[in-house]
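A.B. asks: Following is a predicted model, sequence given first.
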Amino acid sequence: MQVSQLDHISNSSSLLSLPSPSLPISSPLFNPSNQNLSQNSSFCSSDNLSFLPHDTITPHLEPRVPHSRNAFYSEASGATNDQEKAEFYLNMGNQKFSQGNYDEALESYKRCLHYKVSLLGKEHSEIGMVYNSIGSSFEALGRYEEAFESYQKAMSISRKALGQQDAQVATCYCNLASILLQDGQFDEALQCYNMALKIRISKFGEENVAVTNCLCSIGAVYARLGNYTKALEHQNKALEIRRRLVKEDDLLLANSYGNIANIYSKLGKHGPAIDYHEKALEIKKKAYGGEDHLDVATSFVNIGSSYFSQGRTDQALIFFKKGQKIRSKWLHRYHPLIGTCYNNIALVFEKQGKSEKALDCCQKALEISLRTFGEEHHETGSTYNNMGTVLLSMGKAQEGLDTFKKALEIYAEVFDGENLEIANCYANMAGAFVMLKDRKKALDYYKEALNIKTKLLGSANKEVAVLLVNIGMVYVEEMDYEEALNKYKKALEISVTNEKDNMPFIMAVYAKIAEISQVKAVEMKEIREKTENFYDWRLKSYNKDPKQKTEASGASNKNKKLKESMGNGVKKGDVVKKVRDGKENVGFKGCDLRR
């Protein structure tokens, strides 16, 4: 169980939550946390063997009634022998884990281990399963070294007891991969998931649910790497197999639909993303008899995230609050998923210019994270990151910088070496230094972020292109136009490989190039044609949604104005200066290159 995958608590076929690292404030992809994985934890499978500390469907959650630990452990007094006590503590651990009480779950699993060892000895396969449960609790608490150690014990015992090709060994590989993924060791995580996949295919054949879970997990790693083509390929393959194995209203298909939707969101295809999320939602509502279920709340949050990505913050807020209402009913007030809701709502308020409300939500999320995980946990770091973003939007650059530094300190303790969360934090700090007019430090931190992301994601990744543009903008302020132009062109080279999906971003970069170039007629013509193509594409996408036809019409009128202004030899930077100064909105919505 990954901490960034906390949404996988309500049912064995529910989706895990996206990894929710806070993307840089300079990134056009800075969205609320999707919940369908995922954090992240992207689009992982519903493989409860890999990510949950038990083998069966999680018990239906009842509203939590607080009680003392002494009362909790005295409940085992009804057990008459070690076997019954072991089962009691195992079930109690599962229940506490599903409620988000990870420390109590850990204590229960340890007690279960004590009785299991007295009954079966230290090398029995069931001991390996209990170590997997203990590792899951450590991981949820952010104690990754102890989690990895527990998973390794589980692997060693399972191999000795069951052999190299047993299904339980495959589960151990998945759990080890989960920690490696958290630590940014993507290649190693892929190796583990592929080992698990190989074992499961040899054990069960390709037409098996456990195989599809591996495919989803492999797709998750590719999504973290920004390779959405391969991510989508693996998710679609899993979906094809699942369709042959289960009925159309099975929760496994809801899992796949949610995973595919999240990839479409990352690609900027928000219409198809919402369609897939709504398919998942309908299956869940039918399966659970209505909306009053945590898994349904997950879909509401995902739909809200897609609306947020479109800039439709009012709709996003409606769905985020729907999710929050359900979660508040079934989970205790300090559950991490309640914190996720506050973080998401905070981002909506921040986009709407309601900074005080946003900051209040961030503080509530931080309180939950500190109580649940403590100071040295990456979820706490992510909350600090979000809070810093809000402070910057309020013009409090120094406070924002100090908050980002807290996040960075946590990430440095939690992660071993270079990590995307650390890169995102560097980028946020760079944005703060820009506001503080310390351009040298801004460049230093942007370059640190660029080095890490290039290493982890590859030089052709969209997030690398975003950082290049931000660096170029700092060079413009330094009046080093040649270097700025070089960065912008590199960003374009990356983006045009998937021109249709990246069109809004490409348009924003063209505007930046026009701002600093001695624009020749042919170059201005190219910019004008790109602009027209963008608005034709945008108009078609809006016409699919009747609610947005008005906005599409407005975009079309702005396009005419832009063509007129570009038609007859405009002076350098005239149009883009208006865009930059807020006097002309040419529709680069969602491409806020430095918020």
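C.D. replies: The structure has been received and is ready for your questions.

A.B. asks: Run through the residues that contact residue 369.
C.D. replies: 336, 339, 377, 379-380, 383 (Cβ atoms under 8 Å, 6 or more residues apart in numbering). Just so you know, the C-beta spots here come from the backbone N, C-alpha and C atoms, and that holds for glycine as well.

A.B. asks: Now, of these, which are buried?
C.D. replies: 336, 339, 377, 379-380, 383 (16 or more other Cβ atoms under 10 Å).

A.B. asks: ok, which pair from those residues is furthest apart?
C.D. replies: 339 and 377 (11.3 Å; Cβ to Cβ).

A.B. asks: okay, and for the stretch 401-550 of the chain, where does confidence drop off?
C.D. replies: Applying pLDDT under 70 to the stretch 401-550 of the chain flags the ranges 498-501, 517-550.

A.B. asks: Can you verify my assumption that residue 446 contacts residue 467?
C.D. replies: Yes - counting by Cβ atoms under 8 Å, residue 467 is a contact partner of residue 446 at 6.0 Å.

A.B. asks: shared neighbours of those two, which are they?
C.D. replies: residue 427.

A.B. asks: Please convert the contacts of residue 369 to CSV, extending it with distance to residue 472, pLDDT and secondary structure.
C.D. replies: CSV is the format used below for those (distance: Cβ to Cβ, whole Å; pLDDT from 0 to 100; DSSP: H, G, I helix; E, B strand; the rest coil):
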residue, distance to residue 472, pLDDT, secondary structure
336, 38, 86, helix
339, 36, 93, helix
377, 35, 84, coil
379, 33, 87, helix
380, 33, 92, helix
383, 30, 93, helix
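
A.B. asks: Out of these, the closest to residue 366 would be?
C.D. replies: So of these, ranked by how close each gets to residue 366 (Cβ to Cβ), first place is residue 383, at 4.7 Å.

A.B. asks: May I have the residues that are in contact with the closest one?
C.D. replies: When contacts are taken as Cβ under 8 Å, 6+ apart, residue 383 is in contact with 339, 343, 362, 365-366, 369.

A.B. asks: change it to 7 Å
C.D. replies: Residues in contact with residue 383 (Cβ atoms under 7 Å, 6 or more residues apart in numbering) are 343, 362, 365-366, 369.

A.B. asks: Can you flag which of these belong to helices?
C.D. replies: Of the contacts of residue 383, the ones assigned to helices by DSSP state H are 343, 362, 365-366, 369.

A.B. asks: Reformat these as a markdown table; add pLDDT and distance to residue 239.
C.D. replies: Output for the ones in helices among the contacts of residue 383, formatted as a markdown table (pLDDT from 0 to 100; distance: Cβ to Cβ, whole Å):
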| residue | pLDDT | distance to residue 239 |
| --- | --- | --- |
| 343 | 94 | 29 |
| 362 | 96 | 36 |
| 365 | 96 | 33 |
| 366 | 96 | 37 |
| 369 | 91 | 34 |
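
A.B. asks: Closest one to residue 159 out of the contacts of residue 369, please.
C.D. replies: Proximity to residue 159 was ranked across these by Cβ to Cβ; first place goes to residue 377, at 30.8 Å.

A.B. asks: helix, strand or coil for the closest residue in space to that closest one that isn't next to it in sequence?
C.D. replies: Once flanking residues are discounted, residue 377 sits nearest to residue 142: 3.4 Å by Cβ to Cβ, 6 or more residues apart in numbering. What DSSP: H, G, I helix; E, B strand; the rest coil gives for residue 142 is coil.

A.B. asks: From residue 365, how far out is residue 142?
C.D. replies: 16 Å (Cβ to Cβ, to the nearest Å).

A.B. asks: still on that earlier bit, so what's the backbone phi/psi at the residue nearest to residue 377?
C.D. replies: Main-chain torsions, residue 142, degrees, to the nearest 10: phi 80, psi 10.

A.B. asks: i'd like the first residue to be 11 from this point on
C.D. replies: With the count now opening at 11, the last piece we talked about shows up as residue 152.

A.B. asks: can you list the domains in the chain?
C.D. replies: 13-72+80-362, 472-590 (automatic domain parsing).

A.B. asks: want to throw those into CSV with distance to residue 428?
C.D. replies: Below are the domains of the chain laid out as CSV (distance: least, Cβ to Cβ, whole Å):
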stretch, distance to residue 428
domain 13-72+80-362, 6
domain 472-590, 14
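
A.B. asks: Relative to residue 466, which of those is closest?
C.D. replies: domain 13-72+80-362 (6.2 Å).

A.B. asks: Now do that closest one: distance to the chain's middle.
C.D. replies: Domain 13-72+80-362 has its C-alpha centroid displaced from the chain centroid by 12 Å (Cα atoms, centre = their mean, to the nearest Å).

A.B. asks: and what of stretch 495-506?
C.D. replies: 26 Å.

A.B. asks: try stretch 458-473
C.D. replies: 17 Å.

A.B. asks: Show me which positions of that stretch end up buried.
C.D. replies: 458-460, 462-464, 466-467, 471-473.

A.B. asks: contacting residues around it?
C.D. replies: For stretch 458-473, contacts defined as Cβ under 7 Å, 6+ apart pick out 34, 37, 194, 196, 235-236, 428, 430, 432-433, 436-437, 440, 474, 477, 481, 504-505, 507, 512.

A.B. asks: Show me where this protein dips below the pLDDT cut-off.
C.D. replies: 11-89, 508-511, 527-605.

A.B. asks: So which residues of it form strands?
C.D. replies: Using DSSP state E, the chain contains no strands.

A.B. asks: Against residue 256, how distant is residue 433?
C.D. replies: From residue 433 to residue 256 the distance is 39 Å (Cβ to Cβ).

A.B. asks: Give me the more crowded residue out of the two.
C.D. replies: residue 433 (28 against 15; other Cβ atoms under 10 Å).

A.B. asks: Give the closest residue to the more buried one in space, chain neighbours not counted.
C.D. replies: With Cβ to Cβ, 6+ apart, the residue lying closest to residue 433 is residue 462, at 3.9 Å.

A.B. asks: And residue 477, how close does it get to residue 255?
C.D. replies: 42 Å.

A.B. asks: whoops, residue 134 was the one
C.D. replies: Applying Cβ to Cβ to residue 134 and residue 255 gives a distance of 32 Å.

A.B. asks: Same question for residue 191.
C.D. replies: 26 Å.

A.B. asks: Kindly report the same for residue 522.
C.D. replies: For residue 522, the distance to residue 255 equals 50 Å [Cβ to Cβ].

A.B. asks: Compare the two (neighbour count), which wins?
C.D. replies: residue 522 (24 against 15).

A.B. asks: my guess is the more buried one meets residue 499, correct?
C.D. replies: No - using Cβ atoms under 7 Å, residue 522 makes no contact with residue 499, being 10.3 Å away.

A.B. asks: Output the contacts of residue 379 in JSON lines, with distance to residue 280 appended to each entry.
C.D. replies: Converted to JSON lines, those look like this (distance: Cβ to Cβ, whole Å):
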{"residue": "346", "distance to residue 280": "26"}
{"residue": "349", "distance to residue 280": "25"}
{"residue": "387", "distance to residue 280": "31"}
{"residue": "389", "distance to residue 280": "26"}
{"residue": "390", "distance to residue 280": "30"}
{"residue": "393", "distance to residue 280": "26"}
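
A.B. asks: Looking at these, which is nearest residue 314?
C.D. replies: Distance to residue 314 across those (Cβ to Cβ) is lowest for residue 349, with 15.7 Å.

A.B. asks: wait, what's in contact with the closest one?
C.D. replies: For residue 349, counting by Cβ under 7 Å, 6+ apart, the contacting residues are 375, 378-379.
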